[in-house]
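[1] Sequence and predicted structure below; questions after.
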Amino acid sequence: MEQEFTITAFSENSIGLLNRITIIFTRRHINIESLTVSQSSIKGVHKFTIVVSATLEKIEKVVKQIEKLVEVLKAFYHTNDELIRQEIALYKVPTEALLNSNEIENIVRKNGARILEVTPDFTVIEKTGYKNETQELFELLEKVSGTLQFTRSGYVAITKNKHELLTQYLKEIDSIKYSTN
Amino acid sequence: MESAAIKNEKKAHKQENMKKVTGSEAVLLSLIEEGVEVMFGYPGGNIMPIYDALYDYQQKIKHILTRHEQGAAHAAQGYARTTGKVGVCMATSGPGATNLITGIADAMLDSTPMVCITGQVGSPLLGTDAFQETDVIGITMPVTKWNYQVTKAADIPGAIAKAFYIASTGRPGPVLIDITKDAQFAELEFKYKKCDGIRSYIPVPRPVNEKIEEAANLINKAERPLALIGQGVILGGAEKEVVAFLEKAGIPFAWTLLGLSAIPTDHPLNVGMLGMHGNYGPNKLTNECDVLIGIGMRFDDRVTGDVKRYAKQAKVIHMEIDPAEINKNVKSSVAILGDVKETLPMLTEKVKANLHHDWVQEFKKCAATEYEKVISKDLHPEKPGLSMGEVIRRINENAKGEAILVTDVGQHQMVAARYTKFNNTRSVVTSGGLGTMGFGLPAAIGAKLGCPDKQVVAIIGDGGFQMTIQELGTIFQTGAAVKIVILNNDFLGMVRQWQQLFFDKRYSSTELINPDFLTIAKGYCIDGQRVSKRDDLDEAVKKMLDHNGPYLLEVKVEKEGNVFPMVPAGCSVAEVRLE
Ligand SMILES: Cc1ncc(C[n+]2csc(CCOP(=O)(O)OP(=O)(O)O)c2C)c(N)n1
């Protein structure tokens, strides 16, 4: 059964790794739904957050292929219930619409969004949430005022474990080094 | 406190270690540090500085100029596979680099340690579609274990050290280092330190004791165990360890195409080769064993046939160095990660001494059936046309298991793999995973240069021979005493066989009008002869093997001979056909 998974891969910071990782998916016809690359909390370690839909079996294989890459420290996969994840969306609406009624302000308040910037021409609204939430807000704004622009990020995610999984892993490999020396 | 004298000495030592050289020279010094004695390559604009530096190091590194970069890559593979060392090849940017790709992909699928060095346009030109600029890093990403572009001379020693480490450790594979022309010209302080670890790369996973215990329990309870020997045994140098294990537990073994020669062919527990054209017994009985032990092999689809009907009745134990292979094709009951050199003795210690006499007998029965239906006709044909099998038999009788077999791809490859006898490990060089026609001739050159004291016999089809025929020039120039046997059926035999069996004999584009191979060889001053009669065969084989220098033996074989047994595509191994 296909299901949404979030893969997190931790790596050294090296040119070309993103390409190597995406090749693993494209070769197997797995569509990447969202991809975020950033520095992790650990110095010098990069983090890839990749959301895909596939069967568990496929995900297990893909994660091993990712881990096989020389520069990847460790890769994990999670189902949605094991994670807290959010994406950020930005909406641009005509400022006129904001001035004409308080409907937009109400929508912003009710949806836990906020106004980032107001210029005479346009207003930028920001919302963080799940994809269905950012989508819902988009549809509401479309209806009320129309949006001039709309964009959303990929997901970032954090596990429900108490600690960063990688930190434990790095400790482990360090201890191996010390024990063999 | 350090005395002034010690300090001075240290300083002097440091200066000695820190030599100012060009990036090009650093490439060669690094290769020398890695113990490289032979390399294969082809020059061109963007690698000229390295070739220029090579001029000063000809005494230390022998560079073999092939006639095509694909030949350089395959020769490096042949060298690596027979010597166990890292094969090295070099090419210029653009077309030079793209010509390497087939060899790199081949080495990737067959886990061959190889370092490829390519020249690249100067770094200011990167991304400008400059003359002979190709994104070789991008192109080779899916077919290398690792690759890296160097744009600064100072990074050269480190990159090469890392390249050798990655290529040769864990599951070996090809690595490519692309060096921009400006980095080749620029200077650096040369200091070399071999790489001995990379934080994000664990070449050999640590074996888990409980898994060994679980596997031993399964094996000790097994009545019909079967072991599958792959190239991992050879790569890990675990030939002795695997024999000790098999002999103690009394387990019959079959080998994969790449596992060939890991154990002497005449070992009593050897039940033959796996795969689409493997032996009858190991294919059929795979679906009747109760415990299947994969040792350094990857359950390739050519081995498993229809994987949904592969060994479903058996508990599978998978001993593997590469975690990504576990459960990739075949689900295992117990996976033992690690280098088989380390894990096999752990397992041997825990297994009970056993014989499995009746079970081994079943393989013998299958072998007898196969002998009657296939092998006797292949090795001792009564029909007038020469068979590929009898050529191999004659080579066996004369080489006595001591020669290194190199093959190309096709029917002759399968026949040679089925019938050649081996006494020594690392005696087979063949393109398994990629099935690359044109592999044989250049790979044989590499094998011969790696093992000059050994007889190297290349069995090649008339089709594949013409894919890299220009490497006769390399043989001519180097004098590499390769014995070339062309099994000429005037067909792309393997494809023709499929057309006969599965496409109603519609021989679409498989018949070859061939040139006079002997005349071509003669142009390169390579001696040879053509045989088309059975009575002349033995004499010709003897003459070839005794000949001092390279030799080409063309044997005109049966045009429409077929290779059996066969597990047709999509069939289960149990459906192996004898005719
Ligand atoms: C580069 C390449 N192209 C095509 C093939 C497909 N192929 C596999 S075997 C074969 C025929 C080989 O013919 P030949 O070299 O004459 O050997 P034979 O099978 O007759 O022994 C072909 C075309 C291949 N393996 N490699």
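    Alright, I've got the coordinates.
[2] Could you verify my assumption that residue B:145 touches residue B:165?
    No. Residue B:145 lies out of contact with residue B:165 (C-beta atoms under 8 Å); the separation is 10.8 Å. Every C-beta, even on glycine, is put in place using the N, C-alpha and C of the backbone.
[3] Between the two, which is the more surrounded one?
    Shown here are residue B:145 and residue B:165; by other C-beta atoms under 10 Å in any protein chain shown, residue B:145 has more neighbours (25 against 22).
[4] Contact residues of the stretch 301-450 of chain B facing the ligand?
    Residues of the stretch 301-450 of chain B lying close to the ligand by C-beta under 6 Å from any ligand atom are B:408-412, B:435-438.
[5] now, which of these sits nearest the ligand?
    residue B:410 (2.4 Å; C-beta to the nearest ligand atom).
[6] Please enumerate the strands of chain A.
    A:3-12, A:32-39, A:45-54, A:72-79, A:83-94, A:114-118, A:122-129, A:149-152, A:156-159 (DSSP state E).
[7] For chain A, which residue gets nearest to the ligand?
    residue A:27 (20.6 Å).
[8] burial measure for that residue, as a count.
    By other C-beta under 10 Å, 11 other residues sit near residue A:27.
[9] How about the secondary structure of the closest residue to it other than its chain neighbours?
    Closest residue to residue A:27 apart from its sequence neighbours, by C-beta to C-beta, 6 or more residues apart in numbering or on different chains: residue B:142 at 7.1 Å. Classification of residue B:142 using DSSP: H, G, I helix; E, B strand; the rest coil returns helix.
[10] Residue B:142 reaches residue A:22, doesn't it?
    No. Counting by C-beta under 8 Å, residue B:142 stays clear of residue A:22, with 10.7 Å between them.
[11] ok, the closest residue to chain A within the stretch 251-400 of chain B - contacts?
    Closest contact between the stretch 251-400 of chain B and chain A, by C-beta to the nearest C-beta, is at residue B:324 (4.1 Å). If you count contacts by C-beta atoms under 8 Å, 6 or more residues apart in numbering or on different chains, residue B:324 has them with A:61, A:64-65, A:67-68.
[12] Which ones among the residues you listed lie within helices?
    Judged by DSSP state H, helices contain the following of these: A:61, A:64-65, A:67-68.
[13] Which one of the residues you listed is nearest to residue B:329?
    residue A:61 (9.8 Å; C-beta to C-beta).
[14] okay, now the closest residue to the closest one other than its chain neighbours: neighbour count?
    Among residues not flanking residue A:61 along the chain, residue B:328 sits closest, at 6.0 Å (C-beta to C-beta, 6+ apart). By other C-beta under 10 Å, 17 other residues sit near residue B:328.
[15] next one: the one 10 residues further on
    The local packing of residue B:338 (other C-beta under 10 Å) involves 21 other residues.
[16] my read: it touches residue B:203, true?
    No. Contact criterion C-beta under 8 Å: residue B:338 and residue B:203 do not qualify, at 10.7 Å.
[17] what touches both of the two?
    When contacts are counted by C-beta under 8 Å, 6+ apart, residue B:338 and residue B:203 have residue B:321 as shared neighbours.
[18] before we move on, what SS does whichever residue of the stretch 151-300 of chain B sits closest to the ligand have?
    Residue nearest to the ligand within the stretch 151-300 of chain B: residue B:277 (11.0 Å; C-beta to the nearest ligand atom). Here residue B:277 is recorded as coil under three-state DSSP.
[19] With adjacent residues omitted, what lies nearest to it?
    The spatial neighbour of residue B:277 that comes closest, neighbours along the chain excluded (C-beta to C-beta, 6+ apart), is residue B:414 at 4.0 Å.
[20] With just CA atoms, put the helix or strand hosting the one you found into PDB.
    Secondary structure assignment for residue B:414, by DSSP states H and E: helix B:411-419. In PDB, the C-alpha atoms belonging to helix B:411-419 read as follows (Å, rounded to 0.1, in the frame of the first residue of the first chain):
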ATOM      1  CA  GLN B 411      27.000 -17.600 -26.200                       C
ATOM      2  CA  HIS B 412      30.800 -18.200 -26.100                       C
ATOM      3  CA  GLN B 413      30.800 -16.500 -22.600                       C
ATOM      4  CA  MET B 414      28.300 -18.800 -21.200                       C
ATOM      5  CA  VAL B 415      29.900 -21.900 -22.800                       C
ATOM      6  CA  ALA B 416      33.400 -20.800 -21.500                       C
ATOM      7  CA  ALA B 417      32.000 -20.100 -18.000                       C
ATOM      8  CA  ARG B 418      30.200 -23.500 -18.000                       C
ATOM      9  CA  TYR B 419      33.100 -25.600 -19.100                       C
END
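[21] in terms of contact count, name the helices or strands touching it.
    strand B:270-273, helix B:376-379, helix B:388-399, strand B:404-407, strand B:456-461, strand B:483-488, helix B:493-502 (3 or more C-beta pairs under 8 Å, 6 or more residues apart in numbering or on different chains; DSSP states H and E).
[22] Now find how far off-centre the longest one is within its chain.
    When distances are taken as C-alpha atoms, centre = their mean, to the nearest Å, helix B:388-399 is centred 22 Å away from the chain's centroid.
[23] Give me the pLDDT for the residue of chain A closest to the ligand.
    pLDDT, residue A:27: 95.
[24] Please apply the same query to residue A:124.
    Reported pLDDT for residue A:124: 97.
[25] OK, contacts around it?
    Contacts of residue A:124 by C-beta under 8 Å, 6+ apart are A:90-92, A:115-118.
[26] quick one on the thing from earlier: count residues in the vicinity of the residue nearest to residue B:277, would you?
    Other residues within reach of residue B:414, judged by other C-beta under 10 Å, total 25.
[27] Thought residue B:260 was touching it, still the case?
    No. Using C-beta under 8 Å as the test, residue B:414 is too far from residue B:260 to be in contact (11.6 Å).
[28] How about stretch A:151-169 and chain B, touching?
    No. Applying C-beta under 8 Å from any C-beta of the partner chain, one finds stretch A:151-169 out of contact with chain B, separated by at least 10.7 Å.
[29] can the residues of the stretch 301-450 of chain B next to the ligand go into JSON lines with extra columns for pLDDT and neighbour count?
    Formatted as JSON lines, those follow (pLDDT from 0 to 100; neighbours: other C-beta atoms under 10 Å in any protein chain shown):
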{"residue": "B:408", "pLDDT": "98", "neighbour count": "30"}
{"residue": "B:409", "pLDDT": "98", "neighbour count": "23"}
{"residue": "B:410", "pLDDT": "98", "neighbour count": "28"}
{"residue": "B:411", "pLDDT": "98", "neighbour count": "24"}
{"residue": "B:412", "pLDDT": "98", "neighbour count": "31"}
{"residue": "B:435", "pLDDT": "98", "neighbour count": "17"}
{"residue": "B:436", "pLDDT": "98", "neighbour count": "26"}
{"residue": "B:437", "pLDDT": "98", "neighbour count": "22"}
{"residue": "B:438", "pLDDT": "98", "neighbour count": "25"}
